[in-house]
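Engineer: give the three-dimensional model of this entry:
(one chain, ligands or ions: 2)
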Amino acid sequence: MHIVAPSVLAADFTNLADDMTMVNNSAAEWLHVDVMDGRYVPNISFGMPIIKAIKKLCTKTLDVHLMIVEPEKYIEQFREAGADVITVHYEACPHLHRVIQQIKATGAKAGVALNPHTPVSVLEDIIEDLDLVCLMSVNPGFGGQKFIYQTVVKTQKLHNMISERNCTALIEIDGGVGLQNAEVLLKAGARVLVAGSSIFKSTNPTDTISRMKNIGKVAHS
Ligand code: DX5
Ligand code: ZN
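Structural biologist: Numbers count the residues shown, from 1 in each chain. Ligands and ions are numbered 1, 2, ... in the order given. As a prediction, the model looks like this:
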């Protein structure tokens, strides 16, 4: 069964408590939390104080996506702020293996994100160490962008790599995900669907989450 992870970037920060109550009472298992530094990506979002506030308000697994350079400087701080899963970008980590071990040493689950142009083959020698691979289906930095369709092919390739090696990494898809493409992604092997705008900007976010959650049942029945 797949996991739905609403992306808090699209929430209403003037009513964060209300949006977190909605998520707490929904079928979503995770909350996706985007950290942007204005260096790795051309946008700045928020850091530890906001994550600490989110942790107090949200009962779900906090899936923290670090779109920052030199993430190794802050891993322990993000863990202390409440991160349950910490994902770093392949492109931002010349010493990726070391950072993954560092994340695991804090007790958090470790993920690696790939930009749309980065092939899944770069993970061949580290896939066994990963709890999660996040395939970016938009160029990171902004919510509300158009889904890049090549991600479906990439998902299938990564799914093949993971099953051939019998490892446990979950495939997460991030960017432009909604009810219109969830099924094709799940069929290709996705296990975590991140969705910002398609959930928080919908008229009934709770209902959108449960529909996204139920798509798998339909897809595999
Ligand atoms: C993009 C972020 C995404 C973003 C997704 O850089 O990593 O997590 O919040 O937003 P939507 O679902 O609106 O594309
Ligand atoms: Zn993200």
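
Engineer: which other residues reach stretch 40-59?
Structural biologist: 8-9, 16-17, 20-21, 23-24, 31, 33-38, 62, 64, 67-69, 77-78, 80-83, 89, 91-92, 140-142 (Cβ atoms under 8 Å, 6 or more residues apart in numbering). All C-beta atoms are positioned from the backbone trio N, CA, C, and that covers glycine.

Engineer: got the residues of this structure near ligand 2?
Structural biologist: Contact residues (Cβ under 5 Å from the ion) of the chain with ligand 2: Asp34, His65, Asp174.

Engineer: now the last one: how far from Asn166?
Structural biologist: When distance is defined by Cβ to Cβ, to the nearest Å, Asp174 is 25 Å away from Asn166.

Engineer: Glu72 now?
Structural biologist: For Glu72, the distance to Asn166 - Cβ to Cβ - is 29 Å.

Engineer: and the residue in the chain that ligand 2 sits nearest to, how many neighbours?
Structural biologist: Closest contact between the chain and ligand 2, by Cβ to the ion, is at His65 (3.7 Å). By the criterion of other Cβ atoms under 10 Å, His65 has 28 neighbours.

Engineer: again, but for the one 5 residues further on
Structural biologist: For Glu70, the count of nearby residues is 15 (other Cβ under 10 Å).

Engineer: ok, and the closest non-adjacent residue to it?
Structural biologist: Among residues not flanking Glu70 along the chain, Ala92 sits closest, at 7.5 Å (Cβ to Cβ, 6 or more residues apart in numbering).

Engineer: on that earlier part again, between Glu72 and Asn166, point out the one with more neighbours.
Structural biologist: Each of Glu72 and Asn166 has its neighbours counted (other Cβ under 10 Å); Glu72 has more, 16 against 7.

Engineer: enumerate the residues of the chain near ligand 1.
Structural biologist: 7, 9-10, 32, 34, 65, 138, 140-145, 174-177, 194-198 (Cβ under 6 Å from any ligand atom).

Engineer: got the buried residues for stretch 9-18?
Structural biologist: Neighbour-count burial for stretch 9-18 flags Leu9, Ala10, Ala11, Leu16 (criterion: 16 or more other Cβ atoms under 10 Å).
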